[in-house]
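For reference, the sequence and a predicted model appear below.
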Amino acid sequence: MILFKTDDARGRFMARLGLLSIFVLMLCLSMIPSLIYSLIDGHHDDRLSFLVTIGGCGLIAALTYWRTRERIADTEFNHIDGLTLVTLTWLVAGVICALPYFLYAHLAPTQPCASATPIVGTDFCSFTNSFFESMSGLTTTGASVITTGLWDTYTDGVGYLSDGSLGLPRGIMLWRCTTHLLGGLGIIVLGVAILPLLGVGGMQLFKAEAPGPKTDKLAPKMKETAKLLWVIYGGLTVALILIFWVTGAMDFFESFCHGMSTMATGGFSTRSSSVAGFQSPLIEWVITAFMFLAGASFNLHFFFYSKRSISAYLENIEFRVYSLVVLGAGVAIATAIAIGGYASGVEESLRVALFQVLAIVTTTGYASANFELWVGAPFALMILVILMFCGGCAGSTGGGMKVIRHILLVKVWAREFFYLASPTGKKSIRSEGQVVSPEIIRATLSFVGLYLFLMTLGCLAFTLMGHDLATAFTCSASSIGNVGPGLGEIGPMDNYAVLTDLGKWLSAFLMLLGRLELYTVLVLLTPSFWRR
């Protein structure tokens, strides 16, 4: 009996290892476009970093899959496997996706790590920085530690810094935004479209990875659901890229990068001052519209696509509340900054306000203005901080708590007031015409409580590391909410390079917790989970 249990455990371990190897191969394939750009650009040499990563990791993953392929086919995966694989996949992906940055810093002919002064690539000499940038991209947080290298101008396929020197190469720039694309709907959701071809069911993985309090399949088979989500996600991304490119707002490369960052609600930009660097109202309005779409549930986009009717949007309470929050906060901030003299005219006030509201609500993290300078409009700043705890809709690419949880919280509060007024009365909580089960209410309350508790612990930890209250509070809230910018030392025109190495690892951990809805990661730290 002992031998049987050991063999079974070993077989399950090998099967999990085999699945991880499949995801690593997928990551290696996703690096090919960045490699192509690095080969095209003759004045840069980041090609070696991609060649070594693709060749080395791809070979190891291929050999691992070949060795474990039979174990995969013979193993029936359960929810425990799903939780374990999702967390391990994101951690492994964080390491693999960090390698192009780290190797570029050490293998580039310019020898950035041997320089005594900050030059392009120096930020990635530390693996801590490389991993942080990688995890920030995958979790679509959009926080960066790059102090030197993001472009101020871009001409004829070359990005320049303000002093006229070359910025980061296009291969690295493209890879940063590609990590957003991978993390937008989730590496696992992409994987479950492929795993059934190998005889592996994907529902356990999808449930563990998909953001939001509930997960609904759009099609009878998990593979079809994942494909439908990626078709819609990809279609909106392509549409945005074409709008940028055809209108001449950006060239194809920057259109491609910002299309991926926007629909993933990520926030990585090629420009050092984010979207503000383009100084284009057209770009800001277009990104505003697509951030709004990215923050809505992709289930609703699917129903609109299949039925050609907007009724699904209008009938969904979460979407209606989400829209009202965006509109209400946008008008309030527009009024505040207009009175404070931070914007001139109705159009500019609304454009700046709606852009920043959606950048925070959807956790995209772009900046079209340095809102830290709105010291004369503290009301506007307070609204933006509050919106960090809002999040997009369940089933969107946005992070945060999700709007539906706030709706349920309000209904729970309303029910408690009802019971105080009518102790013998009965009142159920309904959503979309259906009674919400006690299990969902319990899960919502526990999630919100744990979310705020972990955010508070993070804030305390950052203050112990020497950061001021504004920096510590917004860094913790922004990390676990996958928002990106904050206040203080991590403002919209600053970055996270001010954090200590320990602070960067803590921030990256909070990003992962927030992206995987807390419990997916934390359950692995409980002894009872492993006893099962």
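Yes, it's here.

So the most centrally placed residue in the chain: helix, strand or coil?
Nearest to the mean C-alpha position of the chain, counting by C-alpha atoms, centre = their mean, stands Thr140 at 1.9 Å. Secondary structure, DSSP: H, G, I helix; E, B strand; the rest coil: Thr140 is coil.

nearest residue to it other than its sequence neighbours?
In this structure, Thr140 finds its nearest non-sequential neighbour in Gly266, 4.1 Å apart by C-beta to C-beta, 6 or more residues apart in numbering. Glycine gets a C-beta too; all of them are placed from N, C-alpha and C.

What is the neighbour count of Phe298?
If you count neighbours by other C-beta atoms under 10 Å, Phe298 ends up with 22.

separation between it and Leu525?
30 Å (C-beta to C-beta, to the nearest Å).

same question, Ser297
In terms of C-beta to C-beta, Ser297 sits 30 Å off from Leu525.

Which one's more surrounded, those two?
Just comparing Ser297 and Leu525: by other C-beta under 10 Å the higher neighbour count belongs to Ser297, 25 against 9.

Hmm, Arg320 and the more buried one touching each other?
No: taking contacts as C-beta atoms under 8 Å, Ser297 lies outside contact range of Arg320: 12.0 Å.

low pLDDT regions in this structure?
Along the chain, the model assigns pLDDT under 70 to residues 1-9, 11, 43-44, 72-79, 115-116, 186-223, 531-532.

What segments of it are strands?
Listed from the start of the chain, the chain has strands (DSSP state E) covering 153-155, 158-160, 430-431, 434-435.

Adding distance to Pro492, write those out as CSV.
As requested, the strands of the chain are exported to CSV (distance: least, C-beta to C-beta, whole Å):
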stretch, distance to Pro492
strand 153-155, 20
strand 158-160, 21
strand 430-431, 35
strand 434-435, 41
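
what's the most buried one of those strands?
strand 158-160 (a mean of 18; mean count of other C-beta atoms under 10 Å).

Give me the contacts around that one.
His43, Trp151, Asp152, Thr153, Tyr154, Leu166, Gly167, Leu168, Arg170, Met173, Thr270 (C-beta atoms under 8 Å, 6 or more residues apart in numbering).

Buried members of those residues into ChimeraX, please.
Here is the ChimeraX command that selects only those of the contacts of strand 158-160 that count as buried (16 or more other C-beta atoms under 10 Å):
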select :151,154,166,167,168,170,173,270
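
mind listing which of the contacts of strand 158-160 are in helices?
Arg170, Met173 (DSSP state H).

Confirm for me that Ser255 is in contact with Thr237.
No: Ser255 is beyond contact range of Thr237, at 10.6 Å (criterion: C-beta under 8 Å).

wait, what's in contact with the nearest residue to Thr147 once chain neighbours are set aside?
The shortest distance from Thr147 to any non-neighbouring residue, by C-beta to C-beta, 6+ apart, is to Ala497 (5.0 Å). By C-beta under 8 Å, 6+ apart, the contact list for Ala497 reads Asp123, Asn129, Val145, Ile146, Thr147.

Roughly how far does the first one sit from Leu161?
Applying C-beta to C-beta, one obtains 13 Å for the distance of Asp123 from Leu161.

Now do the same contact list for the nearest residue to Phe292 once chain neighbours are set aside.
Excluding its sequence neighbours, the residue lying closest to Phe292 (C-beta to C-beta, 6+ apart) is Leu358, at 5.7 Å. Applying C-beta under 8 Å, 6+ apart to Leu358 gives the contacts Thr288, Met291, Phe292, Gly295, Val326, Thr364.
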